[in-house]
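Student: Need a 3D model of the sequence below.
(one chain, ligands or ions: 2)
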Amino acid sequence: MKFCLLASGSRGNAIWVEEGDLALVVDCGLSAREFLSRVGVAGLDISRLSCLLVSHEHRDHISGLGVLARRLKIPVLANAATCAAASPLVGRVRWEIFTTGDTLNLGPLKIRTLGLSHDAVDPVAFVMESQAGRLGLATDLGTPTELIKYRFQALTALILEFNHDYRLLMDGPYPWPLKQRVRGRTGHLVNETAATFAAKLYHREMRYLILAHLSEINNNPALALKVARETLDGALEPVAASQWEPTVVFEF
Ligand SMILES: [Zn+2]
Ligand SMILES: [Zn+2]
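Tutor: Ligands and ions are numbered 1, 2, ... in the order given. Sure, this is the predicted structure:
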């Protein structure tokens, strides 16, 4: 399995995953043009892309989705509530609807969809599994629930939100209600909670931990990486994804 975070953060998210002949993308909060440019920079083959998956309807996850799906003539997979909420912004695309909790069998990939705690209509995390291993992906969540903890066992790679540093958030420019929203159970993960959760999920076969969806204003890669490194205590070397450029293509 290969994966690459083409962009990660509140200005746009897109995660490429491929296995065998199948390539898919989770969310597209970049313009289609920027998305295509980053696919090129990362050295990925756009002609292999066969569908788009949606985690939730927030703008940073769907703003480029409609144009991209129409241009490439590929379907968009989402649950019904997310489809309804996203449709006004996404426009006419070929939706394929799943129910949260379903396992989707897409060629060599088995994708389990999991509900999570975030302030969208029906947000989901994904576990993608093939013979090569398991990739867990949760980029917007207010709290790591028991369900996520349970389903994120035995991952080969974990993409997890490290949204903010508590001090930067509290001392920063966000208005008070927004600070409360970010900190809430349906908001975003603080570095320490994310790191503790990642350490709990760590096991010897875990090869990659990607820190995702870092806030530009309330976090920075050095801080998030420091917390992750200290908490994991050398177990593996975390990588911080960027808003501005693709990560390397990870492979297992
Ligand atoms: Zn987001
Ligand atoms: Zn969100």
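Student: Do I have it right that Glu251 meets Lys2?
Tutor: Yes. Taking contacts as C-beta atoms under 8 Å, Glu251 lies within contact range of Lys2: 4.8 Å. To be clear about C-beta, it is placed using only N, CA and C from the backbone, and glycine gets the same treatment.
Student: what about these two, which has more around it?
Tutor: More crowded of Glu251 and Lys2, by other C-beta atoms under 10 Å: Lys2, with 16 against 13.
Student: can I assume that one is in contact with Glu18?
Tutor: Yes. Lys2 lies in contact with Glu18 (C-beta under 8 Å); the separation is 4.9 Å.
Student: Return the residues in contact with Ile97.
Tutor: By C-beta atoms under 8 Å, 6 or more residues apart in numbering, the contact set of Ile97 is Leu77, Ala78, Asn79, Ala80, Cys83.
Student: Distance-wise, check the third one relative to Ile97.
Tutor: In other words, Asn79. Separation of Asn79 from Ile97 (C-beta to C-beta, to the nearest Å): 7 Å.
Student: how near is the nearest residue to Gly187 once chain neighbours are set aside to ligand 2?
Tutor: Using C-beta to C-beta, 6 or more residues apart in numbering and skipping the chain neighbours, the partner closest in space to Gly187 is Gly142 (4.4 Å). Per C-beta to the ion, to the nearest Å, Gly142 is found 10 Å from ligand 2.
Student: do the same with Gly40
Tutor: Gly40 sits 27 Å away from ligand 2, taking C-beta to the ion as the criterion.
Student: What score does the residue most central in space within the chain have for pLDDT?
Tutor: Nearest to the mean C-alpha position of the chain, by C-alpha atoms, centre = their mean, lies Thr139 at 3.9 Å. Here, the pLDDT recorded for Thr139 equals 94.
Student: From what I see, it and Ser8 are in contact.
Tutor: Yes. Counting by C-beta under 8 Å, Thr139 touches Ser8, with 7.0 Å between them.
Student: Check which helix or strand the nearest residue to Met170 once chain neighbours are set aside maps to.
Tutor: Here the nearest residue to Met170 in space, its sequence neighbours aside, is Lys179; by C-beta to C-beta, 6+ apart that works out to 6.6 Å. Assigned by DSSP states H and E, Lys179 belongs to helix 176-183.
Student: wait, does that helix make contact with ligand 1?
Tutor: No. Helix 176-183 stays clear of ligand 1 (C-beta under 5 Å from the ion), getting no nearer than 11.1 Å.
Student: Quick one: name whatever helix or strand follows that helix.
Tutor: helix 191-201.
Student: same for the next helix or strand after that following helix, what does it pack against?
Tutor: Per DSSP H and E, helix 191-201 leads on to strand 208-212 as the next helix or strand towards the C-terminus. With contacts taken as 3 or more C-beta pairs under 8 Å, 6 or more residues apart in numbering; DSSP states H and E, strand 208-212 sits against strand 157-161, helix 221-232, strand 239-240.
Student: what about 10 Å?
Tutor: If contacts are counted by 3 or more C-beta pairs under 10 Å, 6 or more residues apart in numbering; DSSP states H and E, strand 208-212 sits against strand 2-7, strand 133-138, strand 157-161, helix 191-201, helix 221-232, strand 239-240, strand 250-251.
Student: Counting by contacts, list what the fifth one packs against.
Tutor: Packed against helix 221-232 by the contact rule (3+ C-beta pairs under 10 Å, 6+ apart) you find helix 191-201, strand 208-212, strand 239-240.
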